[in-house]
Every structure is written in C-alpha cells, then in structure tokens.
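1. Predicted coordinates and the sequence they were generated for:
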Amino acid sequence: MLDHTRFDNLKDLDCAAVLVIAICVFTIMNAFSVLAYDSKASGPNDIYRSVTKGRPYVVSGQKASFVRNGEMWSILGANMPAKEKYAEPKDWPVKGLRYEVLAVTDPINDNKILPKTLTLKNVVNSQRILVRACRGEYEPASFVIRTGDIKLEDIRIHATDLRSTNRGGSKRVETVGSRNLDIRVVKPWYQAGESRRTNKDGILVPEPEMLVKSKTLTPELLLHDDKFVQPNHLFQVNVVRDYKTTDDKEKLQSFDCEEQSNKQVWITLKVPENTKPGEYEGIITVKPRNAKETKLRLSLVVFPFELAAPKLYYTLYYLNTLQVSKNHGLPHFKEKSTVHKDFRDMRSHGINNVIISHRRLDFSILKEILDIKDSAGLDKTALFFTAWPKLATDYESLMRLRSDVEGVVRFARLRGIQKVYYYGVDELKSALLPLEKPMLKTIHDSGALTMTATDRSFFGIIDDMLDLVVFRGPPPQDVIEGVHKRNNKIWIYGNPQGGEEKPAVYRYNYGYLLWKLNVDGAAIYAYQCEMGEDPWDDFDHKKYRDHMLTYPTINGNIPTIQWEGLREGIDDIRYLSTLLNLAQKSSKEHIVADFLTGLDFGQPPGLIRQLIIEKILSLTRN
C-alpha cells in the first residue's frame, strides 16, 4: 500500500495532503484498494483503476479524482456504458511520413471532424482560407491537420499580421494585427447523446429536452491547451483537469497529432472597428517539431459598410450569482471578475441582455450584478428578473410576491430602468395555468411586466396577462399573430436548449428561422447550467444532459462550437438588419421587400448571407 500512496512529480503539497487524507478515510470505510491496470475493466471502479494506472483516487458521486504530475484530474462518464468501439479506419488516405493541412470551407457545420473520420465532407485541399467580415465583427475560420504514418509532435501555430493588398498610391501599409486572431484546437470528447428531430411544417424541431441517451464522441470544446481534456477511447471516459482550481491557457499551446488522425484548428478573427475596407492577407504557419512546416494564406475582405444591431432581441438565462451557495460551487457562484468576463463574452457574441436568476432576492447582490452587466455593455434599458416562484394562490403568498415585485421595480427605477419584466411560474402545466392568473395580476398591479416560459397551452388561458411569452420551440403562426395583436412580445427557447454540439443548428434556428417565423427574439437556456453536480460531467444526471454553451474554469470560460454557431446566427440577422436599415434610409424599401420576398430562407445560412451582402453592396453603389 505504501507504494500506491506516492504522487508522481508532486508540486502542490497542500492539495496532495488533502487528497492523501481523503484516500485514507476512503480506505478505512470502504476497504479501498488499488489494482493494476486492467484492459478488461467493466464497472466504474475497474475503469478508475485502469485509467489511473496505479495512482490513488477518490470517488465522489459519479466521478473519480486523482493527482497526476502535481495536478488534480477527474474521470467522468465511467457510470455510463460505452456505446460502440472507437473506429479505426483500415485504409487511411495519407501515407508515409507526410501530412496534409486542409481548409474547412464552413466552420459552422454539423459534419463531425473526429480524429478517425475517414471522409471529411467540409474541407478542400487549399492553401488559402478566406474570411469576409465587417468592421467590429468576429468571424470564424478553420483548418484540419491530417497525419500519415507518423505522429506529429509539438505542433506550433504561428500567425503573422494581415497586411493590406490594395494600398493604391498610399505608402502606408494598413494592417490587422495578429493579436486579433484567437487560435484554438477543437476538442472531441464523450457526451451523452444527441436530440432526435421531427419535421414540423418544414422545420426540424429538436426534442423539447436534452435527454441522456448514449455515449457519443463529438467535437465541442475550443481549447488553447489541448491537454486540458484527455478522452480515453478504450473506456470512453473523459479525463479532465480540475476546473475549480485551474483554467485554460491564454494563448494556444503546442500540441500533438497522433498518426493517421485528424486535428481541427479553429480561428476566430476579430476585425478592429477602425480597419479600413479592403483586402488583407497574412500567413498561418503549422510547424511540427518532427516534420517540415506548412504555410496557409489567410485572406480577409473587409466590407465598406457598418454592420447594424440585430432587429431581434437576444437573451440568455444567466444562473450565476455572487452569493455563496451551500449546494453549489462553480458555476453558480463566481467572483465579480469572472461574471464580468461572462457578460463581455455574451456581448461579443451578440447577446443583448440576460435573464437574471436569484432564488433569494438580495438587492445588494442585484446591484453588483447590474453594475457589472452595465460595464460590459449589455442593454441597460430593461431588466429581466426571475426568482423562480412557485405557484401561489393564497393571500399571504401573493402579498409576499407583491412586496418583492414592488421592491424590484423601485430598485430598477432608481437606476433609470423603465421596463421591468418579472418572471412567473416556469413551464406550468396547462391544467394549472388558470391558477396562475392571481400571480400575474399581482405582478401587473406592482408595476412590472409579466413573462414566463410556456408552450401553446397558454393561448386562450393567460395570453391576455402575459406581456412577454417565452415559447418552447417554434410557435404556430396563430399564436404569434395573437400575441402581436395584443402588442406583446414572443421569444423562442428550447430550439434547442444550450449545450447541443451542433453549431449549424444554432446558427439557423436562432438566426434566419426566427426572422422567417416573425418572432421578436430568443431566450436561450442557458449560458451554463449543470443538471447534475458537475458542469463538466454530461453523465451525472439520470435524465438530463447539461445545458452548456460555455464551460467554467476557475477564472474564465471555455467556448464551444455551438456558442460560435449562435454568434453566426445573430450576425446573419445583423446583416439582414443592415439591409433593411439601408433600404429605409435610401427610400428603396420596395426593392428590398421584393428581394426578401423572393429569398428562400430554407437555403444554407452562408448562402443567404452572401446574397444579402451582394444586395447591400449593389444598393450602396447605386
């Protein structure tokens, strides 16, 4: 036993001491013993022993923790059976010592690029990547490294500044600095399945809930440090660095690419607001330690028009607070600096505002949250607030509700906020909806507007009392028209919820589809919401998957491909809004109206955006 209590390369003695004590207690109470590596592991403990390879570990709920190289790691997903064997293609297309670098034609695509994907559907053999964007816009690009029969080691990615290629007679060289390129690796890991979709009136609608189904290897995380998450393909578990004590790196670290494998690299290019329109070009260098370097040309076209704000309103449910909870650590409790990073991240992705969640109303905490939100540039004119109230019909409960709502309204007025939306009972069943009327009336009488999440059953029961309908999935047209006849608003949520690894679905469903349906916006659940105990563990709840657009670390967040897909969907609406604003200013509404009438919004979003850009350019030239 003494040999098994040794930690390899231990750097953090306090962390080690705590873990040693925990292991000793665990040993006494549970007759814990560590066995040798076993490739035939079946149950969770067999898997833990095999993955740790002789290191001591502690089981907590559905995961096990251990120390390796002085860092704490968790093994996630051992409680859920493997679905199918990790695929090893027999005839790999790249042979010998060479490797390929392939440009991804559209990063916001649901065709998975996995390490052993044989046929890549969304790439071209090109040494040039083209990005087209407006000033102030974030735009994605991507490429894939595909190895032959050798492992590429210590791969480093270097980007130059992008320099103007159309200077004309000017001697000054305009540049977009390389600091505006955020380069990450796309990390596939094991998640708990995908939603089924049904076709309703030509719209693919996901299941209303993200349910735990079966293990699926899927690309999701965008990492600077490829080693932050290390999937174990033999047992189909995720080995994850402890997010409560560490975070991702600030810049891309070197990484390896196994032989006969794919490794996707993701680039987010921000075009500075002061960039002059025109064409720019830079070089991306892929330099492995044990192979020759490869160069890609990164071309940027900056459009000669400003991108307008979206005519739709975008919100997220934000569950994090500055209050310490007995039941939760991260992500529910965060430091002020981390909350500020959250809000800045949302703003950079096009989010207008957040639905603030406080189960226990504390005006000092609410003030701090709103101060941070305002400083991050989110909308200051409206407050969307929920205490997640339970259904109440008795006088005493309604008076408590009235006191809370009146307090929130007074608080908001002092900050100059004129519109306060106070949340009713969430997703109330249709048979109970009539009982909610006294609550909604109390909210109105207290000076606030009403909002809540619901489905079609609200229509004809409480539609006359609901100022803002947060509708699950695409609403029927009669519901949309009925809400608008009352001059009220209707948003969409759950189409899908936050956390499905399908960036193209988020782009279309929260982009052009919203416009096509003629709704007013979206309220996506959620920025981060763990359904079990651990936001990084998709398998620790019996029924539901985690709802994560980003993943928390000790002092920041790790983005996902679906989060980037959502930003592209919002940008699609911004381009459309730019066209509509231009039409109004130039008195060419009829031309644009005819164009939009003939535009097929069922086409791929990238093609729709291209057609809209061409129309904007044609109107600005004439």
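-> Alright, I've got the coordinates. Residues are numbered from 1 along each chain as shown.
2. I'd like to know how many residues surround Arg128.
-> Counted with other Cβ atoms under 10 Å, the neighbours of Arg128 add up to 11. For glycine as for every other residue, the C-beta is placed from the backbone atoms N, C-alpha and C.
3. Mind listing the residues bridging to the residue lying closest to it once chain neighbours are set aside?
-> On the basis of Cβ to Cβ, 6 or more residues apart in numbering, the spatially nearest residue to Arg128 that is not a chain neighbour turns out to be Arg297, at 4.5 Å. Here Arg297 shows beta-bridge partners Arg128, Ile283, assigned using DSSP bridges.
4. do Asp182 as well
-> When bridges are taken as DSSP bridges, the partners of Asp182 come out as Thr268.
5. so it makes contact with Val265?
-> No: using Cβ atoms under 8 Å, Asp182 makes no contact with Val265, being 11.3 Å away.
6. For Asn109, give me its contacts.
-> When the contact criterion is Cβ atoms under 8 Å, 6 or more residues apart in numbering, the partners of Asn109 are Asn122, Pro503, Ala504.
7. can you put those in CSV and add distance to Leu513, pLDDT and neighbour count?
-> As requested, the contacts of Asn109 are arranged in CSV below (distance: Cβ to Cβ, whole Å; pLDDT from 0 to 100; neighbours: other Cβ atoms under 10 Å):
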residue, distance to Leu513, pLDDT, neighbour count
Asn122, 21, 91, 18
Pro503, 15, 97, 26
Ala504, 12, 96, 21
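8. Now go through those residues and say which are in helices.
-> Secondary structure of the contacts of Asn109 is defined by DSSP state H; positions in helices are Pro503, Ala504.
9. Closest to Glu530 out of the contacts of Asn109?
-> Using Cβ to Cβ, Pro503 comes nearest to Glu530 of the contacts of Asn109, at 21.3 Å.
10. looking at it, that closest one is touching Gln562, isn't it?
-> Yes: with contact taken as Cβ under 8 Å, Pro503 and Gln562 are classed as touching, separated by 5.2 Å.
11. For Lys244, grab phi and psi.
-> Torsion angles at Lys244 (phi, psi; degrees, to the nearest 10) stand at phi -80, psi -10.
12. Relative to His224, how far out is it?
-> Here Lys244 is placed at a distance of 19 Å from His224 (Cβ to Cβ, to the nearest Å).
13. if you count what's nearby, which of the two comes out ahead?
-> Neighbours around Lys244 and His224, counted as other Cβ under 10 Å, are more numerous at His224. The numbers are 18 against 14.
14. returning to what we had before: I'd say the residue nearest to Arg128 and Ile283 touch.
-> Yes: using Cβ under 8 Å as the test, Arg297 is close enough to Ile283 to be in contact (6.4 Å).
15. Mind listing what's buried along stretch 58-66?
-> With burial defined by 16 or more other Cβ atoms under 10 Å, the residues of stretch 58-66 counted as buried are Val58, Val59, Gln62, Lys63, Ala64, Ser65, Phe66.
16. is it true that the second one touches Ile47?
-> Going back to what we said before, that points to Val59. No: judged on Cβ under 8 Å, Val59 makes no contact with Ile47 at a distance of 11.1 Å.
17. Would you mind measuring the gap between the ends of stretch 536-554?
-> Using Cα to Cα, to the nearest Å, the span of stretch 536-554 from its first residue to its last is 13 Å.
18. what comes into contact with stretch 150-165?
-> 97, 99, 145, 173-178, 181, 183, 252, 254-259, 263, 265, 267, 276, 278-291, 298, 300.
19. what about burial for those residues, which qualify?
-> Applying a neighbour-count criterion of 16+ other Cβ under 10 Å, the buried members of the contacts of stretch 150-165 are 99, 145, 174-176, 178, 181, 183, 252, 255-257, 263, 265, 267, 278, 280-282, 284, 286-288, 291, 298, 300.
20. Go ahead and flag the most central residue of this protein.
-> Nearest to the geometric centre of the chain sits Leu549, at 2.5 Å (Cα atoms, centre = their mean).
21. quick one: contacts for it?
-> Listed by Cβ under 8 Å, 6+ apart, the contact partners of Leu549 are Leu316, Gly498, Gly499, Ile524, Ala526, Tyr527, Gln528, Thr560, Gln562, Trp563, Leu566.
22. Kindly report the same for Tyr525.
-> Contacts of Tyr525 were listed using Cβ under 8 Å, 6+ apart, and they are Leu316, Tyr317, Ala453, Tyr493, Gly494, Gln497, Gly498, His547.
23. any idea whether the second one is helix, strand or coil?
-> Assigned state for Tyr317: strand (three-state reduction, DSSP: H, G, I helix; E, B strand; the rest coil).
24. What residues are bridge-paired with it?
-> Ile355.
25. do the same with the third one
-> According to DSSP bridges, the residues that bridge with Ala453 are Val470.
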